[in-house]
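>>> below: sequence and its predicted model.
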Amino acid sequence: MGSVFKAKVTRPLPAGATIVTRGGEQWAEWRDASGKLKRARTAGPKASRPGIIVEAATFTAKFRDGAGVVRKVATGCRTRDAAKQVLADLEARSEKVRAGMLSPREAEAAEHLSTPIEEHIGEYLKVLANSRGKGAHPNVSKTHVDNVRRGLGDIAKACGFKTLRDLDRQKVLDWASESLRRPDQTITRKDGTVRIRRAPGPRTINAKLIALTAFGNWLVDSGRLIENPFDRLKKLDESDDVRRRRRAMTAGELGRLLLIARLRPLAEHGRSTVRSPGRSRASKSRATWQKSPLTVDTIAEASARGRSVVQPERAEHLELQGWERALTYELLLTTGMRKGELASLTVADVDLSDDAPVVTLRGVHAKNGKRSTIPLRPDVASHVRDWLADRRRRLAAQGTVLAADDRLVQIPAGLIRILDRDLAAAGIPKVDERGCRLDVHAMRTTFNTQLAVAGVDPRTAMAAMRVSSLDLVLKTYADEKHLDVTKAVNLLPATPPMLEAVGSTAAAEVAKPVVPIVVPTSGNGGALEGPAGPRSPAGKKSARAKKPTIARVFHVIPAQEEKRAKGLEPSTSSLGS
């Protein structure tokens, strides 16, 4: 027979409490917010920290489960009668397990059905945060854990899931359908600005569905559910849900971008001043003039002017900044690395041997978690070699050396804004007529597109891009505008003669009468079968040929004039009789 009771729990020592001894025991005395005197027994000298022992606010049930093990389960009830009702349910479930009417796994799962869903999600997120990441990553990223927390919370709130009893597959499917039909929302901030909150797309909804399925699998693995109600949820079509369509740069655009990146830091200080159009203020007013924009044609002159107006130490720093920025772009464009992967490279990861220069990307820094060896073009390797040699020379002048764990290049936090200014100065549109844009990740698209233009087979491009899906090489990271489709069509073989114009000599040759050569088979007496069906030797239709025959397509051989040796009997089919 089970029982219910209020367990004793340890709480921190209240602020301002004093320790007194009564009857050989230590007690804590303090006054609450209303000034009433409170007393509680202290945790004792064996406690790890000072505290008081108080009675829990809710009851705990003590019973013997179906396996005969004494267990204590929190009922969450504040009254004894309600706690006894929970105890009765637990004992009834244990009796069903002993009678074989309920399996131990089902009984264990039933204990979690009334627990709030927030507690299950919290336990799952703890397990997810401590689990190992992909490949060499020691843990799952905090960003992924936050996304899963947000996704599960959104679904639970939208579908009204309070406990595990409320989990319903159809509600989740209805939520996904309604989310697709949700219109964009216009939000007005306190300062009066208006922001458009876009409705979630299929990709966002699918990410939440995947998180929900993984959560259901964890519930089953941890014994909280018998089966996953969200197993094999059908994902939405993401083919049209492309939020950022990126494009590739041409060879001419690459040259202009690298030139601007190398010279612009110093050229910004050498920009000439021009009069602002449409200004009617006094001539000495600052509002009547502005700095002229930088272009490819004026960048060299502005850079030289900037070198003459700034201090030599400052000019040297700006020149190094432009050199490093141009090298950063060049490495991104010729290796296909992501920005974070390039930022993780150290001096020790670079092997600039003359025969095969490479950089080694460690698995802990790669997106796929796999260690990769990325080859460098000889000219790019030469630029990296010059960059490292110059850094060693400058550090040696300061009495230090270039350490092996020093970063190869320093990636600034605002690289995307820096790139936007470089594109504007180079005269390269950020968004083209198709709506495709250029950003830092578009350099990876440029790398893959250049491989396709060079005729590299897709399997080799997959290895160079370090991806596992062929669709990423053929669709996601490929810019069709740079593919020469006209040249590909012209490589097709010439038109066959049968497709020549009607009335031409070739068409007349093809239009010669074609007569099928039919070999008689046994059972038809050697009769020829024409369009009207089989005929008798006398030329009359056979009495059996009452139904129209079904037209069949045969491969025919054009009739040719055959010359047969005289005096020889033609061969006929025989049954060997």
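That came in fine, so what should we check first?
>>> the residue lying closest to residue 328 once chain neighbours are set aside is in what secondary structure piece?
Spatial nearest neighbour of residue 328, excluding adjacent residues (CB to CB, 6 or more residues apart in numbering): residue 409 at 5.1 Å. To be clear about C-beta, it is placed using only N, CA and C from the backbone, and glycine gets the same treatment. Residue 409 belongs to no helix or strand when elements are defined using DSSP states H and E.
>>> which pLDDT value belongs to residue 409?
Looking at residue 409, its pLDDT is 95.
>>> swap in residue 24?
On the pLDDT scale, residue 24 gets 82.
>>> that one and residue 30: what is the separation?
Distance from residue 24 to residue 30, counting by CB to CB, to the nearest Å: 21 Å.
>>> which of the two has more residues huddled nearby?
Per other CB atoms under 10 Å, whichever of residue 24 and residue 30 has more neighbours is residue 30, with 16 against 5.
>>> just the residues contacting the lengthiest helix in the chain, thanks.
If you go by DSSP state H, the chain has its longest helix at helix 312-335. Helix 312-335 is touched from outside by 249, 254, 257-258, 261-266, 269, 306-307, 310, 337, 339, 342, 359, 374, 376-377, 380, 383-384, 387, 409-411, 415, 418, 422, 440, 443-444, 446-447, with contacts defined as CB atoms under 8 Å, 6 or more residues apart in numbering.
>>> give me the buried positions along that helix.
Within helix 312-335, the residues that qualify as buried are 315, 318-319, 321-335, counting by 16 or more other CB atoms under 10 Å.
>>> ok, stretch 411-421 next?
411, 415, 418-419.
>>> neighbouring contacts of that stretch?
264, 325, 328, 339, 342-343, 430, 438-440.
>>> likewise for stretch 114-123?
Counting by CB under 8 Å, 6+ apart, 112, 149, 152-153, 156, 161-166, 215, 219, 222, 224 sit against stretch 114-123.
>>> buried ones in that stretch?
Those would be 115, 117, 120-121, for stretch 114-123 by 16+ other CB under 10 Å.
>>> show me what contacts the nearest residue to residue 61 once chain neighbours are set aside?
The shortest distance from residue 61 to any non-neighbouring residue, by CB to CB, 6+ apart, is to residue 87 (4.2 Å). By CB under 8 Å, 6+ apart, residue 87 lies in contact with 2-4, 61, 63, 75.
>>> before we move on, the earlier item: tell me, how many residues neighbour the residue nearest to residue 328?
Quick note: residue 409 (other CB under 10 Å) scores 17 neighbours.
>>> roughly how far does it sit from residue 327?
Residue 409 is 6 Å from residue 327, by CB to CB.
>>> same deal with residue 119?
With CB to CB as the criterion, residue 119 and residue 327 are 52 Å apart.
>>> so, low pLDDT: which residues of the stretch 451-577 of the chain?
497-577 (pLDDT under 70).
>>> before we move on, the earlier item: ok, so of the contacts of stretch 114-123, who is nearest residue 471?
Residue 471 lies nearest to residue 215 out of those, by CB to CB, at 27.5 Å.
>>> surely the closest one is in a helix?
Yes: using DSSP: H, G, I helix; E, B strand; the rest coil, the assignment for residue 215 is a helix.
>>> do I have it right that it meets residue 153?
No: judged on CB atoms under 8 Å, residue 215 makes no contact with residue 153 at a distance of 11.2 Å.
>>> looking at the two, which is more packed in?
residue 215 (23 against 14).
>>> what number of residues lie near residue 250?
17.
>>> identify the residue nearest it in space, chain neighbours excluded?
Nearest one to residue 250, counting by CB to CB, 6+ apart, is residue 482 at 7.2 Å.
>>> just residue 346 next, same as before
In this structure, residue 346 finds its nearest non-sequential neighbour in residue 405, 5.1 Å apart by CB to CB, 6+ apart.
>>> which stretches in the stretch 351-500 of the chain count as helices?
378-397, 415-426, 442-453, 458-465, 470-471, 485-490 (DSSP state H, counting those that start in this stretch).
>>> most packed of those?
Counting by mean count of other CB atoms under 10 Å, helix 442-453 has the highest mean neighbour count of these, with a mean of 22.
>>> with just CA atoms, put stretch 298-306 into CSV.
C-alpha atoms of stretch 298-306 as CSV (Å, rounded to 0.1, in the frame of the first residue of the first chain):
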residue,chain,number,x,y,z
THR,A,298,40.5,57.8,-60.6
ILE,A,299,41.6,55.2,-58.0
ALA,A,300,45.3,55.3,-58.9
GLU,A,301,45.5,59.1,-58.8
ALA,A,302,43.5,59.3,-55.6
SER,A,303,45.8,56.7,-54.0
ALA,A,304,48.9,58.7,-54.9
ARG,A,305,47.3,61.9,-53.5
GLY,A,306,46.4,60.1,-50.3
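>>> surely the residue nearest to residue 250 meets residue 253?
No: Residue 482 is beyond contact range of residue 253, at 11.0 Å (criterion: CB under 8 Å).
>>> list buried residues within the contacts of stretch 114-123.
Buried among these (16+ other CB under 10 Å): 112, 149, 152, 156, 161, 164, 215, 219, 224.
>>> residues touching the first one, list them.
For residue 112, the contacting residues are 120, 164, 223-225, by CB under 8 Å, 6+ apart.
>>> would you mind measuring from residue 31 to residue 18?
Distance from residue 31 to residue 18, counting by CB to CB: 10 Å.
>>> more neighbours: the two, which one.
Neighbours were counted for residue 31 and for residue 18 using other CB under 10 Å; residue 31 has more, 12 against 8.
>>> now the more buried one, nearest residue through space, not along the chain?
Once flanking residues are discounted, residue 31 sits nearest to residue 37: 5.6 Å by CB to CB, 6+ apart.
>>> count the neighbours of that neighbour for me.
Neighbours of residue 37 using other CB under 10 Å come to 8.
>>> separation between the closest residue to residue 30 other than its chain neighbours and residue 46?
Nearest in space to residue 30, with sequence neighbours left out and distances taken as CB to CB, 6+ apart, is residue 17 at 3.9 Å. Using CB to CB, we find residue 17 at a distance of 19 Å from residue 46.
>>> same question for residue 427.
78 Å.
>>> which of these two has more neighbours?
Legend: neighbour count by other CB under 10 Å for residue 427 and residue 46, higher for residue 427 (13 against 5).
>>> check contacts around that one.
Residue 427 neighbours (CB under 8 Å, 6+ apart): 256, 295-296.
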